[in-house]
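Engineer: quick check, what structure comes out for this input:
(chains A and B)
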Amino acid sequence: GQSLEQPSEVTAVEGAIVQINCTYQTSGFYGLSWYQQHDGGAPTFLSYNALDGLEETGRFSSFLSRSDSYGYLLLQELQMKDSASYFCAYTGRRALTFGSGTRLQVQP
Amino acid sequence: DTGVSQDPRHKITKRGQNVTFRCDPISEHNRLYWYRQTLGQGPEFLTYFQNEAQLEKSRLLSDRFSAERPKGSFSTLEIQRTEQGDSAMYLCASSPPGTVNSPLHFGNGTRLTVT
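Structural biologist: Modelled structure (predicted):
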């Protein structure tokens, strides 16, 4: 079948580093994306990995291992505004399939 | 770039009524997607258009749901004979021409409440 698994909640303190893991199972895989969604807001694109390895965009990095069907999002120097839900999503043949999301709470 | 626009923002309807939502994508984007999201869950794929052609429809989508994109610009999503289980946020997204990897740009959604 097709599925993604990610932790439901993560809590961290301001200034810390947090890693959100994602495992997936699918046939027909093109890449793994990460989206951020604040409460009441729209999902917004953060990063995309098509190949194995680490992609860095400012404080956010994303990693993919295709052989392990695994990826993670790394958030560094956490800020209060990073409190949001984070979704991994894989690109199949046509449309993006999202996981259930990880709710990140950043505490002072 | 004015972003993806959805109308209305909120809709309250009684069970059994029909509802229609509208989505205006970013103007240069030829791909348009409809997703549904319930509290605590990720967006669930409903259907996808490339220009005016509906290329994919989720098998989870019942026959009460229909979507159109008549001129390859705006799109409408209609739900007939609404049920309480249809209560959710309906999200529209668009992406530009190119690879399937193009990021999706989401609108703020239409929140449907069926009473």
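Engineer: so which residue is smack in the middle of chain B?
Structural biologist: Nearest residue to the geometric centre of chain B (Cα atoms, centre = their mean): residue B:34, 3.0 Å.
Engineer: how far away is that residue from chain A?
Structural biologist: Residue B:34 sits 10 Å away from chain A, going by Cβ to the nearest Cβ, to the nearest Å. Where you see a C-beta, it was placed from the backbone N, CA and C, and this is true even at glycine.
Engineer: so what's that residue closest to, chain neighbours aside?
Structural biologist: With Cβ to Cβ, 6 or more residues apart in numbering or on different chains as the measure, residue B:46 is the residue that lies nearest to residue B:34, at 4.2 Å, once sequence neighbours are left out.
Engineer: what do you get for residue B:61?
Structural biologist: residue B:46 (5.6 Å).
Engineer: helix or strand: which one has the one you found?
Structural biologist: According to DSSP states H and E, residue B:46 maps onto strand B:44-50.
Engineer: can you verify my assumption that the residue nearest to residue B:61 contacts residue B:65?
Structural biologist: Yes: proximity of residue B:46 to residue B:65 meets the contact threshold set by Cβ atoms under 8 Å, at 6.9 Å.
Engineer: and for those two, which residues touch both?
Structural biologist: By Cβ atoms under 8 Å, 6 or more residues apart in numbering or on different chains, residue B:46 and residue B:65 have these common neighbours: residue B:77.
Engineer: more neighbours: which of these two?
Structural biologist: Between residue B:46 and residue B:65, counted using other Cβ atoms under 10 Å in any protein chain shown, the more crowded position is residue B:46 (21 against 18).
Engineer: and that one, what does it touch?
Structural biologist: Counting by Cβ under 8 Å, 6+ apart, residue B:46 has contacts B:33-36, B:57-58, B:61, B:65, B:67, B:77, B:90.
Engineer: lovely, talk soon.
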